[in-house]
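Trainee: From the sequence below, what's the structure:
(one chain, ligands or ions: 2)
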Amino acid sequence: MGLFSAITAKLKGGLAKTREVFVSGLRSLLLGRKLDEATIAEIRRRLIEADVGVKTTDRFVTRIEEDFRAGKIDRGEQVLDYLKSELKAMWPAQDRELRFAVQKPTVILVTGVNGAGKTTSISKLAKQLQSRGLKVMLGACDTFRAGAVRQLEIWGERLGIDVIKGQQGGDPAAVAFDACQAAKSRGVDVLILDTAGRLQTQDPLMRQLTKIRSVVGKQIPGGPHEVLLVLDATAGQNALRQAEEFNKAIAAGNPGDSSDKPQGVTGIFLAKLDGTARGGIVVAVREVTSIPVKFVGIGETPDDVQPFDPEQFVDALFEQ
Ligand SMILES: Nc1nc2c(ncn2[C@@H]2O[C@H](COP(=O)(O)OP(=O)(O)O)[C@@H](O)[C@H]2O)c(=O)[nH]1
Ligand SMILES: [Mg+2]
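Mentor: Ligands and ions are numbered 1, 2, ... in the order given. Here you go, the predicted model:
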């Protein structure tokens, strides 16, 4: 059997915790059961607990209540089917593909707080791109944290990818500059920049990020073509706040820019979905931002990544 079944099995494996706690819980609550008000209250509790988000949970539960009271539904199975189809409908046909430059190199700026999973996610992207036959280069702009450059270098060595670095504690924007130069002169297809873990509340660090963005823009027309925000799926509400704050900060990097360069965060890489039973976070992210989730991380190796596909995702979640 082909690629598709392998991918689904892997995604299923990555979502095991959420499926076993959230979906199995719902199933045993609902299968073969008549609906009543107490059961509906329990559905609400479970949706919230899975980090589905208050707004979406309210919308789902209000509709279930209305239909129940109007006598349109009375069986648990109907709720399961309803939830499954509503979940699939949460994501409009957004472009979830990576954006590539018309003329190489494409620059992907990767951002997110410390420990979110940036460097690991970069290794995953790099490997995917490499397997499409593209020449990839990495820029170690996280000069802030001890060991961060080395960590990226180790991935670079394993994958056979050049890593451009500067001094520990040096200027990240200078590394971005060097990496852009090197990418152009070495005929690289895709340059991925690993940035320092910035707390969204630390203004100087946010300014640093906007500086990297504008350095890239000056070196490479239209760059960065993609700004990926890595969010830690296990971080719940914090992850959601970061999505909002990072988007603002990065959009501010190009005030008044009227080109068709994408503004702000262009995509989310939701890492560590395998590490949480609260995989509903992907819905909550949708609730707070229209930025598409482009990839999900489901493990610690460069192969543990899946493009986010709502239909496949919900199927993998609900499959037994
Ligand atoms: N289980 C799991 N762990 C991950 C995933 N992505 C990253 N990690 C782990 O999260 C930790 C922090 O990752 P790192 O890439 O160093 O984060 P950074 O500080 O944002 O660069 C490491 O221990 C990674 O192995 C994932 O998708 N699943
Ligand atoms: Mg890192």
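Trainee: Contact partners for the nearest residue to Leu193 once chain neighbours are set aside?
Mentor: Of all residues not flanking Leu193 in the chain, Gly139 sits nearest, at 4.3 Å (CB to CB, 6 or more residues apart in numbering). Where C-beta positions appear, they are placed from N, C-alpha and C, glycine not excepted. Going by CB atoms under 8 Å, 6 or more residues apart in numbering, Gly139 touches 163-165, 175-176, 178-180, 183, 191-194.
Trainee: Residue in the stretch 151-300 of the chain with the shortest distance to ligand 1?
Mentor: For the stretch 151-300 of the chain, the residue closest to ligand 1 is Gly297, as judged by CB to the nearest ligand atom, at 2.7 Å.
Trainee: Just give the closest residue to that residue, not the sequence neighbours.
Mentor: Nearest one to Gly297, counting by CB to CB, 6+ apart, is Ala271 at 3.6 Å.
Trainee: Touching, the one you found and Ala116? I think so.
Mentor: Yes. If you go by CB atoms under 8 Å, Ala271 and Ala116 touch, sitting 6.3 Å apart.
Trainee: quick one: the helices in the chain?
Mentor: All helices of the chain, identified by DSSP state H, fall at 3-14, 16-18, 24-30, 37-49, 54-69, 76-88, 118-131, 148-159, 172-185, 203-219, 237-251, 281-288, 310-318.
Trainee: which residues are in contact with the last one?
Mentor: Residues from elsewhere that reach helix 310-318, judged by CB under 8 Å, 6+ apart: 7-8, 11-12, 15, 18-19, 23, 80, 84, 87-88, 90-91, 279, 282, 296.
Trainee: List buried residues within those residues.
Mentor: Those of these that meet the buried threshold are Leu11, Lys12, Leu15, Thr18, Arg19, Val23, Leu80, Leu87, Trp91, Gly279, Val282, Val296, by 16 or more other CB atoms under 10 Å.
Trainee: Tell me the residues of the stretch 1-150 of the chain that contact ligand 2?
Mentor: For the stretch 1-150 of the chain, the contact set with ligand 2 under CB under 5 Å from the ion comprises Lys118, Thr119, Ala148.
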